[in-house]
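> Here is a sequence together with a model predicted from it:
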Amino acid sequence: MSVTTKAFDPLVDAVSEQVTQWRRYLHENPELSFQEENTSQFIYETLESFGGIELSRPTKTSVVGRIQGKQPGKVIAIRADMDALPIQEENTTEYISKNPGVMHACGHDGHTAMLLGAAKVLSERKDELQGEIRLFFQHAEELFPGGAEEMVQAGVMDGVDAIIGAHLWAPLKIGKIGVVYGPMMASPDTFYITVKGKGGHAALPHQTVDSIAIASQIVTNLQHIVSRNTDPLEQLVVSVTKFTGGTTHNVIPGSVEILGTVRSFDAEIRQSVPKTIERIVKGITEAHEADYHFDYEFGYRPVINDHQVTQVIEDTIVEVYGEKTLDRMKPNMGGEDFSAFQQKAGGCFFYIGAGNPEKEAVYPHHHARFEIDEDALEKGVRVFVHAAFKLLKQ
């Protein structure tokens, strides 16, 4: 570990308890995507209290902080998201959500608190910076089209050389930090299908065009896309997640609605899947004299980590915490709008282990009893600070 690196540790130690308190305040006061007005004001005022940070509001509910070093150099961005989910919390902690039906059930409260902690440490060492650290407190990660794209369009990435971000990750046990080189998280796309049949009496189905029977065939045939229409070695998921039709036991409904998601990494496969879905829907409905309506929505781009920036994150983890902390993880089919920032500069998104059965941090993300081991917060602050300095020097 370098002398400079060691010098950060007392500052990170000093802010750790405050980071936990910030996280608990944010957890008690969650706000939904695009509605983070009080959250962004809290962030703005907290950053303002540190001094030495140039603040701006690129969108209504986002905040950007700029820490300028004495010497010119590269620009390194660190991103944290801040929005919550429409979930009624079922935890019983003293800092449970005070906003009924809204909950930080994905760890964004912790992400924001970690970046506030890093901001405090970095602002105290700004005279040693050769370049600029840019802090992105992003709104609306949970709701497409997402806040990242809005911030990019507002110009926050202008001049940025590299960007890093992290996700507190409950499936990864406390003490571990996970990195993925290259493709990390998939593009989450959505499809909507309406099968239009002819309703009628359930006892006389021959007088109807049975939308439920036809839609069921569509669901079955969609399972043939993966590994039958695409190379089985390619990473692709097609899942039907909603099937709605009918009102009672003796009426065949006139229509059925199907909703689902497609997850992929490869751009060519991503473009081909909606055509395949519609071909299947068209063929089956025509065979049974039904009609259909089909919509397809392309979501966030896949998160593709830059090799060089990821190497810096890995080196930082090993230098600060040792080889045993590092976990080289596989990609997963989740989605993240961090990818919007990566269109402008190389970046790395990594996982901080936050799962711990001894502290009941065992529930999955987006669960009403989701919780993190707060000991993970200190690790996020420390990696942000050390990696930012290391990236400025490259």
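Cool, the structure landed. Numbers count the residues shown, from 1 in each chain.

> Pull out the buried positions in stretch 66-77.
67-69, 74-77 (16 or more other CB atoms under 10 Å). (Each C-beta comes from the backbone N, C-alpha and C, glycine too.)

> Then stretch 149-161?
149-152, 156-157, 160-161.

> Does Val195 lie in a helix or a strand, and which?
According to DSSP states H and E, Val195 maps onto strand 187-196.

> helix or strand right after that strand?
Under the assignment DSSP H and E, the closest C-terminal helix or strand after strand 187-196 is strand 200-201.

> returning to what we had before: now, the most widely separated pair of the buried residues of stretch 66-77?
Gly69 and Ala77 (14.5 Å; CB to CB).

> follow-up on the earlier one: out of the buried residues of stretch 149-161, the closest to Ile269 would be?
Ranked by distance to Ile269 (CB to CB), the buried residues of stretch 149-161 are led by Glu149 at 22.3 Å.

> so who does the closest one touch?
Listed by CB atoms under 8 Å, 6 or more residues apart in numbering, the contact partners of Glu149 are 337, 340.

> In PDB, list the C-alpha atoms belonging to whichever strand or helix holds Leu122.
Taking DSSP H and E as the definition, Leu122 sits inside helix 108-124. Provided in PDB are the C-alpha atoms of helix 108-124 (Å, rounded to 0.1, in the frame of the first residue of the first chain):
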ATOM      1  CA  HIS A 108     -29.700   3.200  -3.100                       C
ATOM      2  CA  ASP A 109     -29.800   4.900   0.300                       C
ATOM      3  CA  GLY A 110     -26.500   3.200   1.000                       C
ATOM      4  CA  HIS A 111     -25.000   4.200  -2.400                       C
ATOM      5  CA  THR A 112     -25.900   7.800  -1.700                       C
ATOM      6  CA  ALA A 113     -24.400   7.700   1.800                       C
ATOM      7  CA  MET A 114     -21.200   6.100   0.600                       C
ATOM      8  CA  LEU A 115     -20.700   8.800  -2.000                       C
ATOM      9  CA  LEU A 116     -21.400  11.500   0.500                       C
ATOM     10  CA  GLY A 117     -18.700   9.900   2.700                       C
ATOM     11  CA  ALA A 118     -16.200   9.800  -0.200                       C
ATOM     12  CA  ALA A 119     -17.100  13.500  -1.100                       C
ATOM     13  CA  LYS A 120     -16.200  14.600   2.500                       C
ATOM     14  CA  VAL A 121     -12.900  12.700   2.400                       C
ATOM     15  CA  LEU A 122     -12.000  13.900  -1.100                       C
ATOM     16  CA  SER A 123     -12.900  17.500  -0.300                       C
ATOM     17  CA  GLU A 124     -10.600  17.500   2.700                       C
END
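
> so what secondary structure elements neighbour that helix?
helix 3-28, helix 37-50, strand 63-68, strand 71-81, strand 130-138, strand 162-173, helix 375-393 (3 or more CB pairs under 8 Å, 6 or more residues apart in numbering; DSSP states H and E).
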